[in-house]
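Asker: No letters, just coordinates:
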């Protein structure tokens with residue numbers, strides 16, 4: 001943890017600053033709160049305005065960046081809200097001089113993580129002897145994710161806090177260009193989801209039951225080609241019309 005962030009947890013410090021964490025009960029923000037040691041709930045409007053004077057570090061999602069092109073609609077409401085948040089934040093940065101850092105998270109996992117993520121329910125199902133479903137991507141490829149451990153994400157978030165510059169706006173008036181940054185917080189090593197089950201097998205010392213996966217491999221062109229071959233062989237090809 002950086003020196004600035006260390007001092008920020010002491011509300012009496014004259015050199016540090018206070019950190020407001022919105023939604024501190026969430027998976028990632030719980031870990032950030034623990035790292036900051038002394039999270040606080042804020043209901044003081046004056047103090048809240050003071051907190052927005054230094055800078056804002058916000059979380060977006062890698063799903064915003066995974067669209068084929070900018071004209072492709074977001075694949076989910078979650079992605080749409082994250083994209084909208086980025087646009088609104090950028091506008092506040094431009095108009096009001098709000099110092100902003102946006103962080104893109106890539107498949108964050110770890111202690112107290114989400115129950116609906118593969119590593120979590122794989123562990124649960126392996127221990128219960130339930131089969132593990134392994135799925136393909138839409139183009140019949142192997143599903144891979146850039147899994148990032150929670151501790152690394154926390155370090156990135158605290159680093160963003162430590163290097164954030166103060167906003168240049170006050171009272172709704174911009175006094176100059178304000179800091180605007182976007183960072184990817186990932187592992188840069190996409191791993192096939194199937195590898196998770198293999199690793200968990202070894203760690204849990206329990207053999208996983210791999211669920212039978214239905215994976216069509218014949219496209220329409222090939223399927224009709226096989227059909228025509230069979231038809232001509234079975235019924236003959238003497239009834240063709242000459243043109």
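Answerer: In hand now; what should we look at? Note that this is a predicted model, so its numbers are computed, not measured. Numbers count the residues shown, from 1 in each chain.

Asker: Let me know how buried the closest residue to residue 102 other than its chain neighbours is, in neighbour terms.
Answerer: Distances taken as Cβ to Cβ, 6 or more residues apart in numbering place residue 182 nearest to residue 102, at 4.6 Å, with adjacent residues excluded. C-beta coordinates here come from the backbone N, C-alpha and C atoms, glycine included. Using other Cβ atoms under 10 Å, residue 182 is surrounded by 14 other residues.

Asker: Please give the element, helix or strand, for residue 182.
Answerer: According to DSSP states H and E, residue 182 maps onto strand 180-185.

Asker: Test my guess that residue 60 contacts residue 103.
Answerer: Yes. Using Cβ atoms under 8 Å, residue 60 is in contact with residue 103, at 6.7 Å.

Asker: still on that earlier bit, now do the contacts for the residue nearest to residue 102.
Answerer: 60, 86, 101, 102, 103, 104 (Cβ atoms under 8 Å, 6 or more residues apart in numbering).

Asker: hmm, 10 Å instead?
Answerer: 60, 65, 86, 89, 90, 100, 101, 102, 103, 104 (Cβ atoms under 10 Å, 6 or more residues apart in numbering).

Asker: can those residues go into a markdown table with extra columns for distance to residue 224, neighbour count and secondary structure?
Answerer: Converted to a markdown table, the contacts of residue 182 look like this (distance: Cβ to Cβ, whole Å; neighbours: other Cβ atoms under 10 Å; DSSP: H, G, I helix; E, B strand; the rest coil):
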| residue | distance to residue 224 | neighbour count | secondary structure |
| --- | --- | --- | --- |
| 60 | 45 | 21 | strand |
| 65 | 38 | 13 | coil |
| 86 | 46 | 18 | helix |
| 89 | 52 | 19 | helix |
| 90 | 50 | 15 | helix |
| 100 | 55 | 22 | strand |
| 101 | 54 | 21 | strand |
| 102 | 49 | 22 | strand |
| 103 | 49 | 20 | strand |
| 104 | 44 | 18 | strand |
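
Asker: looking at the sheet around the residue lying closest to residue 187 once chain neighbours are set aside, what are its partners?
Answerer: Spatially, and ignoring its direct neighbours in sequence, residue 187 is nearest to residue 148 (4.7 Å; Cβ to Cβ, 6+ apart). Per DSSP bridges, the residues bridged to residue 148 are residue 108.

Asker: my read: residue 148 touches residue 188, true?
Answerer: Yes. The pair formed by residue 148 and residue 188 meets the contact definition of Cβ atoms under 10 Å, at 9.3 Å.

Asker: buried set for stretch 203-219?
Answerer: residue 208 (16 or more other Cβ atoms under 10 Å).

Asker: so for it, what's the average pLDDT?
Answerer: Averaged over stretch 203-219, pLDDT sits at 76.

Asker: just stretch 143-155 next, same as before
Answerer: 89.

Asker: Give the buried residues for it.
Answerer: 145, 146, 147, 148, 150, 153, 154.

Asker: ok, the residue nearest to residue 102 to residue 167 distance?
Answerer: 17 Å (Cβ to Cβ, to the nearest Å).

Asker: What of residue 57?
Answerer: For residue 57 relative to residue 167 (Cβ to Cβ), the value is 12 Å.

Asker: go on, residue 75?
Answerer: Residue 75 is 33 Å from residue 167, by Cβ to Cβ.

Asker: and those two? which has more neighbours close in?
Answerer: residue 167 (23 against 11).

Asker: shared neighbours of residue 57 and residue 167, anything?
Answerer: Shared contacts of residue 57 and residue 167, counting by Cβ under 10 Å, 6+ apart, come down to 99, 100.

Asker: Before I go, just wanted to say thanks for your time.
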